[in-house]
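Student: Predicted coordinates and the sequence they were generated for:
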Amino acid sequence: METETTMRSVTVTTRKKRSLTKDHMLAIGFLIPSILLVGVFVYGFIGWTGYVSLSNWNSLVPDFSFVGLKNYLYLFGDFRFQADLRNTLFFTIMFILAVIVVGQILAILLDQKIQQESLFRNIFFFPMALSFVVTGVVWQWLLNPSTGVNLFLAKLGLDSKWYTDTTIFPAIGWGKIEFGIPIAMIAVVIAAVWQMTGFSVAMYLAGLRGVPEEVREAARMDGANEFQVYWKIIMPILRPITVSVIIIMAHISLKIFDLIYAMTGPGANFVTDVPGVYMYETTFRGNYYANGAAIAVVMLLAVAIFIIPYLWSSRKGEA
Amino acid sequence: MKGRLKSFTGWFLIFVLALGPLSACSSSNETSGGSSNEETLDIFSWWTGAGEEDGLNALIDLFKEEYPDIEVENAAVAGGAGTNAKAVLASRMQGDDPPATFQVHGGSELNDGWVAAGKMETLNDLYEAEGWEDKFPEDLIDLVSKDGDIYSVPVNIHRGNVLWYNTSVFEENGVEPPKTFDEFFTAADQLQEAGVTPLALGDKEPWTATHLFETALLGTLGADNYKKLFTGELSFSDPKVKEAVENFKKMLSYVNEDHSSRNWQDASQLVADGEAAMNVMGDWAKGYFVNDLNLKVKEDFGWMATPGTEGMFMVITDTFGLPKGVSNPEDVKKFLSVLGSVEGQDAFNPLKGSIPARVDADLSNYDEYGKETIEDFKSASLAPSLAHGSAAPEGFVTKVNQAINIFVTQQDVDQLISSLEDASSDLK
């Protein structure tokens, strides 16, 4: 986006002056390679994927004949894809809420001028350094019904089947699926929150450090207790950070693939399946290239719902 | 002058920056597309597990002994019964960068996949030169042929319809290995009462459930009718299919509760540890029992054909072919000739735990299981595996896997049958 706007302003000025200064020449020269590469390898291929999703290419032999929305109609009537949409929705909601709440609490605790603050900062931030695949494999062993924490739970007489539970709560019939929170998804949310909370801790900590002490003092002078200071004063100040966290976490959760592929797979009755996993399997296992491309486009649109308003507002802010 | 030079270097820099990545790509292509002598022979497979990797290396060593000049590269991709490897292969083939030769299951995966896409060379002349036409069983050559032309060389045979059981668990509970579905269900009830999980399943990867389903189909329908399902001569709405689904459903009522968090190795381990009594898996499970878990054939574990499939043989055959557009087809053929030779098959199969595809291999190289299976293979009626892509195109298999995954939880017989019927439009 940014490069495009610069590019446009460059051409506008050159047209006005009708001559190219050396600086402009050089600027254009430096921009052309990246614009070309990004244009072809990012936007060009997004466009190509969009076209493939409207084609009949559902076998190893490429067939680019136009079939309109057939692939999309198939997907939205498909049990697995409906389940994927439901899973993504509830995964995203649970994941973002948990990352914000846990991240904020940890950041506030860290902000209490405790000893060894940097040690705790590192501990919270460390999972961010791992790849989702590693996280998936580790948590798979931790939460598997026959290993890890469930052995303790079983000793305590608690049910240890939640990791593979196929229950949907509250199970409202909707299309071909039951609509509600898939219980098995909670395990994946725990792993994802464990990994990504460090990021929101860092964001909130930076935000908290930016709140001037005078503001807190003033609130206390007015008789606010500590809880009110946070709830009424600090949290509203941190709202822009919350927006950033939501957007960054949403785009991670909407296109999540590796964590689920390594940890639970699609799951029995597709209770932990997500569009990314379906796209991979249907494209490269089933050779349904057009269906896979259609899933990719749906995922792109879902992310765009979050990203475009954000870009829009941040551009307005700049102007 | 000086200014010009400066701007020239500026432009030059821009061009280098712009073209750098592109030229880097093309030059690496050129080096790999050099003359045939320096060409490395990359052998693409998903054999990375214990046993299978040893087998592949033994085969490569044998080839190097015979052709020391040819550089060989083991380009195996790990994971998920070939799922990941097939994805990598698909992108390489679509990008016109095929490996020198690659592992592909004989049957639909080869014929309706790569051959139909026009990506394979015929190997009729190789078969003729090596005199192989009567060295492989006719049914097997049919599996690697389309319209009378042969497209790949089988290196091994795996049997899919094997019921593995823990011998001591069977003895302790006085259970005889079951031959029919009735015997199986009686035995399972008995075991369940004794507090043992009767049947181990690990369907974290859904193909294992499809694998169990196909053995139930074969056991209920028999080999001939089973094959007719995939040629369109028998509909999935046939009452016999419903009976098979009912049998499958009943089998599912005996499996371990945590099946969806396990893979097939974990399920086999349940049997090895005596927590479960039986599991249904292809005979690569024998390699896992023997190589990874150090169990003894016949002493610690035994085997049977799955219920109702005595005298039938669910075939999974790994084969290698010659893709179009490789720069060194003669070298590839040399490799294939080693692969198809008695020495090659006897170097590979005992380690991999499979049986040779050739009829004249040396029996003394194989363990008790291998010898018995080689005998069975000669007389049994063969049926191509659905779960492993021999019976039907990958697209159909993917849809069946999805329908089965839903069925395992929902257990809705009519829904499964109608999903199978819907999917069968992909068979044409």
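Tutor: Now that the structure is in, tell me what you want to look at.

Student: drop to CA atoms for contacts and neighbour counts, all remaining ones
Tutor: OK.

Student: Contacts only, for whichever residue of the stretch 51-200 of chain A sits closest to chain B.
Tutor: Per C-alpha to the nearest C-alpha, residue A:61 is where the stretch 51-200 of chain A lies closest to chain B, at 5.1 Å. Each residue near residue A:61 by C-alpha atoms under 8 Å, 6 or more residues apart in numbering or on different chains is listed here: B:116, B:117.

Student: Now name the helix or strand holding it.
Tutor: Following DSSP states H and E, one finds residue A:61 outside all helices and strands.

Student: tally of neighbours for residue A:54?
Tutor: By other C-alpha atoms under 10 Å in any protein chain shown, 21 other residues sit near residue A:54.

Student: again with residue A:111
Tutor: The burial count for residue A:111: 15, using other C-alpha under 10 Å.

Student: ok now do it, which residues does it touch?
Tutor: Residues in contact with residue A:111 (C-alpha under 8 Å, 6+ apart) are A:205, A:208, A:209.

Student: any idea which of the residues you listed is closest to chain B?
Tutor: Distances from chain B to those, taken by C-alpha to the nearest C-alpha, are shortest for residue A:205, at 37.8 Å.

Student: Give me the nearest residue to that closest one, chain neighbours excluded.
Tutor: Nearest residue to residue A:205 in three dimensions, chain neighbours excluded: residue A:107, at 5.1 Å (C-alpha to C-alpha, 6 or more residues apart in numbering or on different chains).

Student: And stretch B:385-398, how far out from the chain middle?
Tutor: 10 Å (C-alpha atoms, centre = their mean, to the nearest Å).

Student: now do stretch B:228-245
Tutor: Relative to the mean C-alpha coordinate of its chain, stretch B:228-245 is positioned 24 Å out (C-alpha atoms, centre = their mean).

Student: And the contacts of it?
Tutor: With C-alpha under 8 Å, 6+ apart, stretch B:228-245 has contacts from B:213, B:216-217, B:219-221, B:225, B:391-392, B:413, B:417-418, B:420-421, B:427.

Student: Strands along the stretch 151-300 of chain A, start to end?
Tutor: A:168-174, A:177-182 (DSSP state E, counting those that start in this stretch).

Student: Buried residues, the host helix or strand of residue B:88. List them.
Tutor: Using DSSP H and E, residue B:88 sits in helix B:83-94. The neighbour-count check on helix B:83-94 (16 or more other C-alpha atoms under 10 Å in any protein chain shown) flags B:83, B:84, B:85, B:86, B:87, B:89, B:90, B:93 as buried.

Student: now do stretch A:143-154
Tutor: By 16+ other C-alpha under 10 Å, the buried positions in stretch A:143-154 come out as A:143, A:144, A:145, A:146, A:150, A:151.

Student: TSV please, covering these and showing pLDDT.
Tutor: What follows is the buried residues of stretch A:143-154, written out as TSV (pLDDT from 0 to 100):
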residue	pLDDT
A:143	88
A:144	83
A:145	79
A:146	75
A:150	80
A:151	80
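
Student: Narrow those to those in helices?
Tutor: Per DSSP state H, helices hold the following members of the buried residues of stretch A:143-154: A:143, A:150, A:151.

Student: For residue B:376, state which of those residues is nearest.
Tutor: residue A:143 (42.8 Å; C-alpha to C-alpha).

Student: and residue B:342, what pLDDT?
Tutor: Note for residue B:342: predicted pLDDT of 94.

Student: residues near it, how many?
Tutor: Residue B:342, neighbours per other C-alpha under 10 Å, totals 19.

Student: Show the backbone phi and psi for the closest residue to residue B:373 other than its chain neighbours.
Tutor: The shortest distance from residue B:373 to any non-neighbouring residue, by C-alpha to C-alpha, 6+ apart, is to residue B:355 (7.3 Å). With angles defined as degrees, to the nearest 10, residue B:355 sits at phi -110, psi 160.

Student: Next up, the contacts around residue B:355.
Tutor: Going by C-alpha under 8 Å, 6+ apart, the list of residues near residue B:355 reads B:156, B:157, B:158, B:349, B:366, B:370, B:373, B:374.

Student: Dump the residues you listed to JSON lines, plus neighbour count, secondary structure and pLDDT.
Tutor: JSON lines is the format used below for the contacts of residue B:355 (neighbours: other C-alpha atoms under 10 Å in any protein chain shown; DSSP: H, G, I helix; E, B strand; the rest coil; pLDDT from 0 to 100):
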{"residue": "B:156", "neighbour count": "23", "secondary structure": "strand", "pLDDT": "94"}
{"residue": "B:157", "neighbour count": "25", "secondary structure": "strand", "pLDDT": "94"}
{"residue": "B:158", "neighbour count": "23", "secondary structure": "strand", "pLDDT": "94"}
{"residue": "B:349", "neighbour count": "27", "secondary structure": "helix", "pLDDT": "92"}
{"residue": "B:366", "neighbour count": "21", "secondary structure": "coil", "pLDDT": "92"}
{"residue": "B:370", "neighbour count": "21", "secondary structure": "helix", "pLDDT": "93"}
{"residue": "B:373", "neighbour count": "20", "secondary structure": "helix", "pLDDT": "94"}
{"residue": "B:374", "neighbour count": "21", "secondary structure": "helix", "pLDDT": "93"}
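
Student: so which of the residues you listed comes closest to residue A:291?
Tutor: Ranked by distance to residue A:291 (C-alpha to C-alpha), the contacts of residue B:355 are led by residue B:158 at 32.6 Å.

Student: number of nearby residues for the nearest residue to the closest one once chain neighbours are set aside?
Tutor: In space, and not counting its chain neighbours, residue B:158 is closest to residue B:316: 5.0 Å by C-alpha to C-alpha, 6+ apart. Burial of residue B:316 is recorded as 26 neighbouring residues (other C-alpha under 10 Å).

Student: ok, now residue B:261?
Tutor: 26.

Student: Would you mind measuring from the residue nearest to it when sequence neighbours are not counted to residue A:262?
Tutor: Nearest residue to residue B:261 in three dimensions, chain neighbours excluded: residue B:204, at 5.2 Å (C-alpha to C-alpha, 6+ apart). To residue A:262, residue B:204 is 11 Å away according to C-alpha to C-alpha, to the nearest Å.
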